[in-house]
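Chemist: After the sequence you'll find the predicted model.
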Amino acid sequence: MPDSPTAVVENWLARFDTALHNHDIDGALALFADDCYWRDFVSFTWNLKTFESKADIKRMLTATLDDVRPHDWALAEAATGEAGAVEAWVTFETAVARGYAHLRLNNGLCYTLLTTMQELKGFEEKKGHNRERGVSHTIEKGRTSWLEKKTAQEARLGYEEQPYCVIVGGGQGGIGLAARMRRLGVPTIVIEKNAKAGDSWRNRYKSLHLHDPVWYDHLPYLKFPEDWPVFASKDKIGDWLEHYASIMELNYWSSTECTKAAFDEDTQEWVVQVVRDGTPVTLRPKQLVFALGVSGYPNTPVFAGADSFDGEQHHSSKHTGGSDYTGKKAVVIGSNNSAHDICADLWEHGADVTMVQRSSTHISRSDSLMDLALGGLYSEQALANGVTTEKADLLFASLPYRILPEAQIPIFQQMAVRDAEFYAQLAAAGFDLDFGTDGSGLFLKYLRRGSGYYIDVGASQLLIDGRVAVKSGQVERITPEAVVLDDGTELAADLIVYATGYGSMNGWLADLVSPEVADKVGRCWGYGSDTPKDPGPWEGELRNMWKPTNVPQLWIHGGNLHQSRHYSNYLALQIKARMEGLDTPVYELQESHYTR
């Protein structure tokens, strides 16, 4: 009778634990299949790294084993699968941390291993049995209340006392990261130019909703209520972020703009110039995080004749709504998420709208995406099956980017069949569709380039019905009254919206720090897949995201709500370790590729 999945994993873990304890690297490698992958988030490498062969793993273990001292590998719960194909959740420890892992075994040998740092020993979050009492049950004169202490601390930080970390950007990324920093006891200030947390959502066009479902979008620690809508409106999200920042007691400096930052080599700290409510303030943190979204500055192409246009023109990031364009002719240049949303917004307000599609675009219908791609991880059914948000995040991360396409391609092949009539109608309307260069669909497009797709929440039907016109081609020039395409088509326009995307996140650094620092960091996002807008060489992890950059003490934090929630844990632990003076030898700091 074959061994149970649990017995198979326990045998593997015992042998792996012994091999690592004895520094028997060849013995450890013997437990891996020839085709194997090990993805590590901070626990072994103080980095985010993927190793794609036994040779890669051997090189990593040779360099790190003495410092890491991993031990006590054990099942967290019963393994699943069949004896020949087993999956398991695993706990382990290192010299300084406790970790959590996901393991896949094929025929008793490791196919994929994900190892993650979850907490630092001696510096655990004050939660559960470790939570603070909050009050001393000794009656004394002159006792200060919680509010008095909080108010006094907020008044000191940034003035009499310096924060250890400054986060530039107070959107969902900066807020979630700051919440983790506070739980770890890292004095942190969040800098946000808007008047209130959540304003970056509130200030967009009124019809904006999340395209990702609620189960995918929770913030750290505090999940949305059970009656929260599947797709929340922008104002609802804005209010949630404002209340979250208050509930989490963040040092959130709204109406504050970062104007300049420079590193002081003598003191080994950043000198960050900000203007808070009109008053200049100098902050001197040890660590500086830029959390300014998923991308850099708006990318507005320069077309011949644009300066002669008599109407209004703006980038999609500046589009606040279509109410002023009733009866007007609008041309939206672009065909991704923002372009579709803005076309729908303008059409709803009575504008005559044309979308200009300059390159092919992937479209996933929202229901199909939820059913086929997300349902197993982020849904009510997933929760009923025991897949918590935390497990879902780790399961998604357990497939390295090298093999993620082969897992995604069958999903989008199913989608193509399921929605064949929908896609045929779009094609008949003149829309140029794709499923990615290799058929891997939406998620890979997002990871590789952060663009090139639309999650259909209704705007596609406007194109199919002809209520919004679509024209394919390149913009040749702009006249005072029209957009002219390369085939000679003239599109009369009172409004032009450039839904043309954004630059790399390191573009912010050029202005706020220096062009030299921006170029030393290099391009952010993409992982070197050598597909459109994600040139090689292969990196295997998103460039510069949530991990050490080539500029010490400078970090980039961004991504969608799911990524901000998950990866903020690893970034916070890296910063906490440095604050506490732990040794953090970074294994194979990535090379800097490409400038802005």
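Modeler: Structure's in. What do you need?

Chemist: Which parts of the stretch 351-500 of the chain are helices?
Modeler: Using DSSP state H, counting those that start in this stretch, the helices assigned to the stretch 351-500 of the chain run over residues 366-368, 380-384, 389-397, 404-418, 420-428, 442-449, 459-465.

Chemist: neighbouring contacts of the first one?
Modeler: Read that as helix 366-368. 211, 231, 415, 418, 419, 455, 456, 457 (Cβ atoms under 8 Å, 6 or more residues apart in numbering). Yep, even glycine has a C-beta here, placed from its N, CA and C like the rest.

Chemist: Verify the assumption that residue 100 is located in a strand.
Modeler: Yes: read with DSSP: H, G, I helix; E, B strand; the rest coil, residue 100 is one of the residues of a strand.

Chemist: Now for it: which residues touch it?
Modeler: Taking Cβ under 8 Å, 6+ apart, we find residue 100 in contact with 76, 89, 90, 91, 92, 116, 118, 394.

Chemist: what's near enough to touch the fifth one?
Modeler: It stands for residue 92. Residue 92 is in contact with 43, 70, 71, 72, 73, 74, 98, 99, 100, 101, 115, counting by Cβ under 8 Å, 6+ apart.

Chemist: Can you turn the buried part of those into a PyMOL selection?
Modeler: To isolate in PyMOL the members of the contacts of residue 92 that are buried, counting by 16 or more other Cβ atoms under 10 Å, one can use:
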select buried, resi 43+70+73+98+99+100+101+115
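
Chemist: now the contacts of residue 92 in a markdown table, with distance to residue 134?
Modeler: Converted to a markdown table, the contacts of residue 92 look like this (distance: Cβ to Cβ, whole Å):
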| residue | distance to residue 134 |
| --- | --- |
| 43 | 32 |
| 70 | 37 |
| 71 | 36 |
| 72 | 33 |
| 73 | 37 |
| 74 | 34 |
| 98 | 26 |
| 99 | 30 |
| 100 | 29 |
| 101 | 35 |
| 115 | 35 |
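
Chemist: what distance separates stretch 70-83 from the centre of its chain?
Modeler: Its chain's average C-alpha position is 29 Å from that of stretch 70-83, according to Cα atoms, centre = their mean, to the nearest Å.

Chemist: Give me the contact list for that stretch.
Modeler: Residues from elsewhere that reach stretch 70-83, judged by Cβ under 8 Å, 6+ apart: 2-6, 8-10, 13-14, 16-17, 20-21, 43-44, 86-94, 99-101.

Chemist: Could you dump the contacts of helix 366-368 into TSV and include distance to residue 314?
Modeler: Converted to TSV, the contacts of helix 366-368 look like this (distance: Cβ to Cβ, whole Å):
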residue	distance to residue 314
211	22
231	26
415	34
418	37
419	33
455	24
456	25
457	23
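
Chemist: just the residues you listed: which has the poorest pLDDT?
Modeler: Across the contacts of helix 366-368, the member with the lowest pLDDT is residue 211, scoring 89.

Chemist: Contact partners for that one?
Modeler: Taking Cβ under 8 Å, 6+ apart as the criterion, residue 211 is in contact with 231, 337, 366, 455, 457.

Chemist: Which members of those are the farthest-apart pair?
Modeler: The most widely separated members of the contacts of residue 211, counting by Cβ to Cβ, are 231 and 337 (13.1 Å).

Chemist: And the two? Which one has more around it.
Modeler: Set side by side, residue 231 and residue 337 show unequal neighbour counts under other Cβ atoms under 10 Å, the larger going to residue 337 at 21 against 16.

Chemist: Leaving aside the residues adjacent along the chain, what's closest to that one?
Modeler: residue 454 (5.1 Å; Cβ to Cβ, 6 or more residues apart in numbering).

Chemist: Pull out the buried positions in the lengthiest helix in the chain.
Modeler: The helix spanning the most residues in the chain, taking DSSP state H as the definition, is helix 561-579. Of the residues in helix 561-579, 561-579 count as buried by neighbour count, 16+ other Cβ under 10 Å.

Chemist: Mind putting the contacts of residue 211 into TSV with distance to residue 359?
Modeler: Shown next, in TSV, are these (distance: Cβ to Cβ, whole Å):
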residue	distance to residue 359
231	27
337	14
366	22
455	18
457	21
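
Chemist: Narrow those residues to those in strands?
Modeler: Where the contacts of residue 211 overlap with strands, as defined by DSSP state E, the overlap consists of residue 455.

Chemist: Out of the contacts of residue 211, which comes closest to residue 154?
Modeler: residue 231 (35.0 Å).

Chemist: Would you mind measuring from the closest one to residue 215?
Modeler: When distance is defined by Cβ to Cβ, to the nearest Å, residue 231 is 11 Å away from residue 215.

Chemist: any weak-confidence spans in the stretch 201-350 of the chain?
Modeler: 294 (pLDDT under 70).

Chemist: the strands in it, which residues?
Modeler: Assigned strands in the stretch 201-350 of the chain, in chain order: 252-253, 256-264, 269-276, 279-283, 287-290, 312-315, 329-333 (criterion: DSSP state E, counting those that start in this stretch).

Chemist: So what are the sheet partners of the first one and their directions?
Modeler: Sheet pairing for strand 252-253, assigned by DSSP bridges, gives strand 188-191 (parallel).

Chemist: And the strand it pairs with, what's buried?
Modeler: Applying 16+ other Cβ under 10 Å to strand 188-191 flags 188, 189, 190, 191 as buried.

Chemist: who's in contact with the residue sitting furthest away from the middle of the chain?
Modeler: Ranked by distance from the centre of the chain (Cα atoms, centre = their mean), the top residue is residue 141, with 49.0 Å. Contact partners of residue 141, counting by Cβ under 8 Å, 6+ apart, are absent.
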